[in-house]
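[1] Next one to model:
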Amino acid sequence: MSGHSKWASIKHKKAAQDAKRGKIFTKLIRELTVAAREGGGNPDTNPRLRTAIDRAKSANMPTDNIEKAIKRGTGELEGVTYETCFFEGYGPGGIAIMVEALTDNKNRTSAEIRNIFSKKGGNMAGSGSVSWIFSKKGYILIKKDRISEDDLLSIVLDAGAEDVKTEDENFEVITDPKDFENVKEALRKGNIEMETADITMIPSSTVKVVGSEAKQVLALVEALEDHDDTQNVYANFDIPDSVMDDLAEDI
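    Residues are numbered from 1 along each chain as shown. Below you'll find the model as predicted:
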């Protein structure tokens, strides 16, 4: 997972900047709408919606916007119908990439994502090409200065976490998706601040990329994430922290 926690931290900072510009609201509204449509409008019985609401609140989205998005999903208000689709491909250095999108026009989105891959040194591949590398997991990132490792282990393992990994500056807590909310709630009760917490796709193996290839990989991933229809980008790169830090300075 080396490199993953650093990228998660950078994305957290980037999301904060995007929230200030209002850019992230469109993506969050789509996620709220689809989560409500697929699992109902009650966050107590719909974990995906509960996670989406938490993300919207952390981005300071007005409560009225959240409620309207949920009502569009449940059919109480009219709105555009979005479908979830995944695009798979490879980036510089042979890294595997999965793009999760919410779109009202799959053909348009597919063409635009393919164009980004092509322009940024990657190539889109067929369904199933790289998805086997990734597993859906709960992922929580916590700064080391917020809790000791022993205390963290005691809290999260009792709540059902699968594993805790130690990086240079962070702890990474990995959970089964069904135990994700239990672990988050245990951390909240312990007043432990989470840098990021989300359901994500964790790769079973990583590919190390350095130098110019590393920067090309990050440029491709950023371009894919910036597409209006993209909700998440998952990749199995392992990039040195020094390169990650250079990128963070530009955010």
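
[2] Please count neighbours and contacts with C-alpha atoms only from this point.
    Will do.

[3] count of residues packed around the residue lying closest to Glu31 once chain neighbours are set aside?
    Once flanking residues are discounted, Glu31 sits nearest to Ala52: 6.5 Å by CA to CA, 6 or more residues apart in numbering. Using other CA atoms under 10 Å, Ala52 has 23 neighbouring residues.

[4] again with the one 3 residues further on
    Around Arg55 there are 18 other residues, counting by other CA under 10 Å.

[5] Quick check: Ile116 vs Ser110, distance?
    10 Å (CA to CA, to the nearest Å).

[6] where does this protein dip in pLDDT?
    Residues of the chain that meet the criterion pLDDT under 70 lie in 1-22, 246-251.

[7] Can you show me the strands along it?
    Applying DSSP state E to the chain gives strands spanning 83-90, 96-103, 123-125, 134-143, 163-166, 170-175, 196-203, 207-208, 230-235, 237-238.

[8] Adding distance to Ala219 and mean neighbour count, write these out as a markdown table.
    Converted to a markdown table, the strands of the chain look like this (distance: least, CA to CA, whole Å; neighbours: other CA atoms under 10 Å):
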| stretch | distance to Ala219 | mean neighbour count |
| --- | --- | --- |
| strand 83-90 | 13 | 19 |
| strand 96-103 | 13 | 24 |
| strand 123-125 | 14 | 19 |
| strand 134-143 | 21 | 20 |
| strand 163-166 | 27 | 15 |
| strand 170-175 | 24 | 23 |
| strand 196-203 | 20 | 20 |
| strand 207-208 | 16 | 14 |
| strand 230-235 | 12 | 20 |
| strand 237-238 | 13 | 24 |
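
[9] Spell out the residue ranges of the helices in the stretch 151-251 of the chain.
    Counting by DSSP state H, counting those that start in this stretch, the stretch 151-251 of the chain has helices at residues 180-189, 211-226, 241-249.

[10] now the ones you listed as TSV including distance to Leu77 and mean neighbour count?
    As requested, the helices of the stretch 151-251 of the chain are exported to TSV (distance: least, CA to CA, whole Å; neighbours: other CA under 10 Å):
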stretch	distance to Leu77	mean neighbour count
helix 180-189	28	18
helix 211-226	28	18
helix 241-249	40	14
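
[11] and of these, who's closest to Ser58?
    Ser58 sits nearest to helix 180-189 of all those, at 14.2 Å, using CA to CA.

[12] distance between that closest one and the chain's centre?
    18 Å (CA atoms, centre = their mean, to the nearest Å).

[13] before we move on, the earlier item: out of the strands of the chain, which comes closest to Met244?
    When these are compared by CA to CA, strand 237-238 sits nearest Met244, at 10.3 Å.

[14] So which elements touch the closest one?
    strand 207-208 (3 or more CA pairs under 8 Å, 6 or more residues apart in numbering; DSSP states H and E).

[15] From the rest of the structure, what touches stretch 111-121?
    Residues outside stretch 111-121 that contact it (CA atoms under 8 Å, 6 or more residues apart in numbering): Phe87, Gly89, Gly91, Pro92, Asn123, Met124, Gln216, Ala219, Leu220, Ala223, Leu224, His227.
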